[in-house]
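[1] Sequence unavailable; structure follows:
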Ligand SMILES: [Zn+2]
């Protein structure tokens with residue numbers, strides 16, 4: 001076995017199969033895949049014959065819903081078999097071609113099923129309810145059908161929808177222009193570091209230098225050069241963002257929403273208070289965040305401490321974590337979720353659900369693939385670092401969520417929304433952190449683990465709340481008919497950052513340009529707040545799951561596993577409420593702030 005620390009990346013054929021995934025649970029062979037692909041084509045063709053029948057009886061409606069499900073179930077396996085094979089070695093043309101065949105078939109599928117929702121929405125809901133009362137197999141679809149009708153509230157008549165569909169060519173323009181200006185046409189200058197080495201100040205190098213360089217002057221030089229690219233074009237970026245804001249406000253008003261926020265949250269039935277509570281509680285909970293940065297300033301021995309200094313490790317601690325050890329820790333760390341959960345984690349390791357190490361041509365990064373009808377598969381590029389250890393725990397959390405949801409729900413509810421998705425992944429990480437902290441042998445290791453956990457909260461919670469706070473206020477500018485200029489956006493961003501950073505991090509003019517360098521603002525407005533709410537939900541659930549009171553703990557574990565098993569069977573807020581988390585209330589966010597307070601306290605005492 002070539003360990004990840006080897007200098008030469010091995011070919012796929014040189015990797016010990018014990019550390020590769022076994023895809024035979026999806027299909028035993030390419031012949032079996034060919035047969036399934038043909039079956040899928042035939043089912044898609046047959047589906048068209050059901051058009052015009054939905055309103056005739058409950059039996060016909062159920063038949064169509066079940067036929068739709070059968071297509072969906074088979075699609076997972078037909079897609080993932082070539083897709084996962086391709087990710088093993090992306091130089092392989094045969095798997096690339098098979099993947100493309102499935103993509104073409106999916107385009108056909110979309111056309112072949114496009115009649116379905118409009119026709120279903122023409123059937124009176126009262127008729128559907130009567131049919132459901134008489135047929136339990138049809139009643140399974142109650143939530144899905146009712147949610148489709150709920151969303152009708154903001155669908156326009158045919159003429160209105162036609163007009164909006166014509167406008168859709170224009171509404172994507174700001175995103176495309178932003179991408180071109182910030183990547184394709186962006187010129188990131190080179191900076192010469194203290195060592196004499198030259199580095200281009202791209203997004204990737206910016207992040208790398210800030211997270212690794214122990215020379216403050218180098219970090220600042222890279223930070224300044226990177227930000228100047230956005231500052232120099234700030235009027236153009238402001239014009240693009242003005243387009244984003246007016247696009248969102250146009251769409252909200254066209255569909256009859258009172259605000260852009262309401263329009264963004266309607267799909268998942270999230271109340272606006274979730275975002276406004278998040279921001280209010282985030283602003284009220286900055287004390288441990290600021291304490292952490294003051295501690296960093298002191299430990300790093302800096303006279304001035306700015307945003308370029310917020311990522312570098314407090315200690316140099318180069319521990320290698322062997323995969324074979326870590327897998328045992330991850331199994332052990334999940335003990336408090338019960339023997340059944342733990343056995344499933346063990347099974348994922350023992351039955352080759354994981355593709356562990358890097359090889360030539362392998363896809364980078366990490367993911368958990370929810371292969372319905374088989375089991376989740378995890379792709380890693382495990383390299384013995386602490387980040388790789390927590391990535392493994394993270395993906396295992398996603399996989400257990402998939403496994404429990406797929407095993408408990410009918411197909412129509414097997415998937416889950418992003419609003420809940422990052423809860424089990426971060427909870428698994430927190431369980432592992434506790435386990436490793438209890439066993440940390442040295443102050444250096446303990447410091448590194450605490451910093452890892454704190455940086456996770458800073459990056460996934462505080463930074464995202466700042467972003468959510470800013471983008472809500474920016475949207476309110478156009479909702480109030482106020483002008484949007486580069487200076488106005490910079491002033492708004494500066495005010496927002498000041499409310500969180502206080503005097504713990506020094507802000508200069510460049511920091512105020514951050515609104516121009518965050519792609520999410522331009523590409524996916526009102527998205528990032530979900531990272532923060534997921535992490536707050538996890539903190540609230542951990543309070544119960546980790547409680548010293550056995551009654552509260554057992555109840556917490558039961559509710560948590562119930563949340564995982566529930567998949568997408570209800571709106572995410574309803575599912576979380578049943579698990580004991582109400583994000584419209586401050587409790588969950590306060591639990592996360594309290595957790596950060598504890599971790600910073602432990603770091604302060606570890607560093608003396
Ligand atoms: Zn994740």
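    That came in fine, so what should we check first? Quantities reported herein were computed from a predicted structural model and do not represent experimental measurements. Numbering: from 1, shown residues only.
[2] For the chain, which element, helix or strand, carries the lowest mean pLDDT?
    Lowest on mean pLDDT, DSSP states H and E among the helices and strands of the chain sits helix 158-171, with a mean of 88.
[3] Check the offset of that one from the chain's centre.
    Centroid separation between helix 158-171 and its chain, computed with CA atoms, centre = their mean, to the nearest Å, is 29 Å.
[4] which secondary structure elements does the next helix or strand after it contact?
    As assigned by DSSP states H and E, the chain's next helix or strand after helix 158-171 is helix 173-179. Helices and strands touching helix 173-179, as assessed by 3 or more CB pairs under 8 Å, 6 or more residues apart in numbering; DSSP states H and E, comprise helix 234-254, helix 519-523. All C-beta spots, glycine's among them, are computed from the backbone N, C-alpha and C.
[5] quick one: which of these is nearest residue 324?
    The minimum distance between residue 324 and the helices and strands packed on helix 173-179 falls on helix 519-523, with 37.7 Å, by CB to CB.
[6] Other residues contacting that closest one?
    Helix 519-523 is contacted from outside by 174-175, 178-179, 182, 240-241, 244, 467, 470-471, 474, 515, 527-528, using CB atoms under 8 Å, 6 or more residues apart in numbering.
[7] Filter the residues you listed down to the buried ones and hand me the PyMOL line.
    Selection of the buried residues among the contacts of helix 519-523 in PyMOL, burial being defined by 16 or more other CB atoms under 10 Å:
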select buried, resi 174+175+178+182+240+241+244+467+470+471+474+515+527+528
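[8] possible to save the helices and strands packed on helix 173-179 as CSV with distance to residue 363?
    Shown next, in CSV, are the helices and strands packed on helix 173-179 (distance: least, CB to CB, whole Å):
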stretch, distance to residue 363
helix 234-254, 31
helix 519-523, 21
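[9] okay if I get those helices as JSON lines plus mean pLDDT and distance to residue 98?
    Below are the helices and strands packed on helix 173-179 laid out as JSON lines (pLDDT from 0 to 100; distance: least, CB to CB, whole Å):
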{"stretch": "helix 234-254", "mean pLDDT": "98", "distance to residue 98": "38"}
{"stretch": "helix 519-523", "mean pLDDT": "95", "distance to residue 98": "30"}
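[10] Next, count neighbours for residue 58.
    When neighbours are defined as other CB atoms under 10 Å, residue 58 has 18 of them.
[11] ok, so of the contacts of helix 519-523, who is nearest residue 432?
    Once CB to CB is applied, the member of the contacts of helix 519-523 that ends up nearest residue 432 is residue 528, at 24.8 Å.
[12] Tell me how far that closest one lies from residue 553.
    Residue 528 sits 32 Å away from residue 553, going by CB to CB, to the nearest Å.
[13] Kindly report the same for residue 530.
    Residue 530 sits 27 Å away from residue 553, going by CB to CB.
[14] Of these two, give the one with the bigger neighbour count.
    Neighbour count, other CB under 10 Å: between residue 530 and residue 553, residue 530 has more, with 23 against 15.
[15] correct me, but that one touches residue 423?
    No. Residue 530 is beyond contact range of residue 423, at 10.5 Å (criterion: CB atoms under 8 Å).
[16] list residues touching both of those two?
    With CB under 8 Å, 6+ apart, residue 530 and residue 423 have no common neighbours.
[17] what about the helices in the stretch 1-150 of the chain?
    Along the stretch 1-150 of the chain, counting by DSSP state H, counting those that start in this stretch, helices occupy 30-47, 58-88, 93-113, 116-122, 125-134, 136-139, 142-151.
[18] So which of these has the densest surroundings on average?
    helix 58-88 (a mean of 19; mean count of other CB atoms under 10 Å).
[19] quick one: contacts for the closest residue to residue 244 other than its chain neighbours?
    By the measure of CB to CB, 6 or more residues apart in numbering, the closest residue to residue 244 outside its immediate chain neighbours is residue 174, 4.7 Å from it. Applying CB under 8 Å, 6+ apart to residue 174 gives the contacts 240-241, 243-244, 247, 522.
[20] Closest one of those to residue 596?
    Distance to residue 596, by CB to CB, is smallest for residue 522 among the contacts of residue 174, at 29.5 Å.
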